[in-house]
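Novice: Next comes the sequence, and after it the predicted model I'd like to discuss.
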Amino acid sequence: MIYKVLLMGHLIGDFYVQSGKMAAKKKKDMCVLRKHCIYYMLSLLLLCSIVITKEEAAPCLLLILGMGVLHGILDLAKIRMENRTNHRYDIFLLLFDQCLHITALFGGCYLLGIHGGQYTNLFGKPFALSLVEREVSVFLGILICAKPASLLVKLVLSKISEETERLHREASNLIKAEYNPQTGSVIGVLEREIIFILGIIGQFGTIGFVLAAKSLARFKQLEDQQFAEKYIIGTLLSSFLAIICAVIIRSYFFI
């Protein structure tokens, strides 16, 4: 349970508490970056306080402080690398950054001997955490399939279609007027969440209906080859992430 809670705290602090404006400003303003690190630590602290025992309070605080400092260092290094490489390796840097965060988080938890308790205090009464083990796993998958997956899909699509998208916008005013990137992002999140839930309950065959419904909304636009290629890549990548997340959680965490 402790590892799931730590991962949830990391995702909330790194992707959900941080707004788009903060993500942009922290690249130029160290004060904003420090503010983001504080929010990151508070996210970890809030969730860890639910599962840790009194004896683990000091090691947990040490872990959170260490992760806050490391988070700032990694974010600063990532920003500088993005600027030096002119954003050519943003996808690799994102994945590498997340791997380092998770490795440090889990490694620190293991080395400090933080295991978490079996009970938490709910309205003054002990509550067995094992009763919500599955719900926590599902919520973790939902968190992964929303903002983190959206960012990865966005980066992949931007890398493979920067020039194509520019030419496409110039050539087709109709599609430009009909296609709203923000709306597409919301549709993508809903698509991944539905596919993830269907995967968790073992209804993989029903996923085809979700993809078919999404395709109907873009039926006319799919006649344009450039849009169709981008649409197919985005849909397949989005579905792949949701299915992989569902399979992993269903196989290893959904106990």
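Specialist: That came through, no problem. Numbers count the residues shown, from 1 in each chain.

Novice: CA only for contacts and neighbour counts going forward, please
Specialist: Will do.

Novice: And the pLDDT at R250?
Specialist: As predicted, R250 sits at a pLDDT of 80.

Novice: Same question for I79.
Specialist: pLDDT for I79: 90.

Novice: can you check I243 too?
Specialist: 90.

Novice: is it true that it touches G199?
Specialist: Yes: between I243 and G199 there is a contact at 6.3 Å, judged by C-alpha atoms under 8 Å.

Novice: pLDDT value on the closest residue to A228 other than its chain neighbours, please?
Specialist: Take A228 and drop its neighbours on the chain: the residue closest to it by C-alpha to C-alpha, 6 or more residues apart in numbering is L222, 4.7 Å away. At L222, the model reports a pLDDT of 72.

Novice: distance of L222 from L190?
Specialist: To L190, L222 is 20 Å away according to C-alpha to C-alpha, to the nearest Å.

Novice: Am I right that K27 is in a strand?
Specialist: No: assigned with DSSP: H, G, I helix; E, B strand; the rest coil, K27 falls outside any strand and is coil.

Novice: Low-confidence bits of the chain, can you list those?
Specialist: 119-131, 161-183, 217, 253-255 (pLDDT under 70).

Novice: ok now do the spatially most central residue of it, which residues does it touch?
Specialist: Nearest to the geometric centre of the chain sits P148, at 2.2 Å (C-alpha atoms, centre = their mean). Counting by C-alpha atoms under 8 Å, 6 or more residues apart in numbering, P148 makes contact with 11, 15.

Novice: Checking my notes, it in a strand, right?
Specialist: No: applying three-state DSSP, one finds P148 to be helix, outside a strand.

Novice: ok, so what distance separates it from L62?
Specialist: In terms of C-alpha to C-alpha, P148 sits 26 Å off from L62.

Novice: Then S158?
Specialist: With C-alpha to C-alpha as the criterion, S158 and L62 are 39 Å apart.

Novice: do L237 as well
Specialist: L237 is 38 Å from L62, where distance means C-alpha to C-alpha.

Novice: can you check A23 too?
Specialist: 26 Å.

Novice: what about the helices in the stretch 151-255 of the chain?
Specialist: Along the stretch 151-255 of the chain, counting by DSSP state H, counting those that start in this stretch, helices occupy 173-178, 181-200, 207-217, 225-248.

Novice: Can you report how many residues lie near the residue nearest to I233 when sequence neighbours are not counted?
Specialist: Counting by C-alpha to C-alpha, 6+ apart, L157 is the residue found nearest to I233 once chain neighbours are left out, at 7.7 Å. L157: 17 surrounding residues under other C-alpha atoms under 10 Å.

Novice: Equivalent analysis for the one 3 residues further on, please.
Specialist: A count of neighbours around I160, defined by other C-alpha under 10 Å, yields 12.

Novice: From G20, how far out is it?
Specialist: Between I160 and G20 the computed distance is 22 Å (C-alpha to C-alpha).
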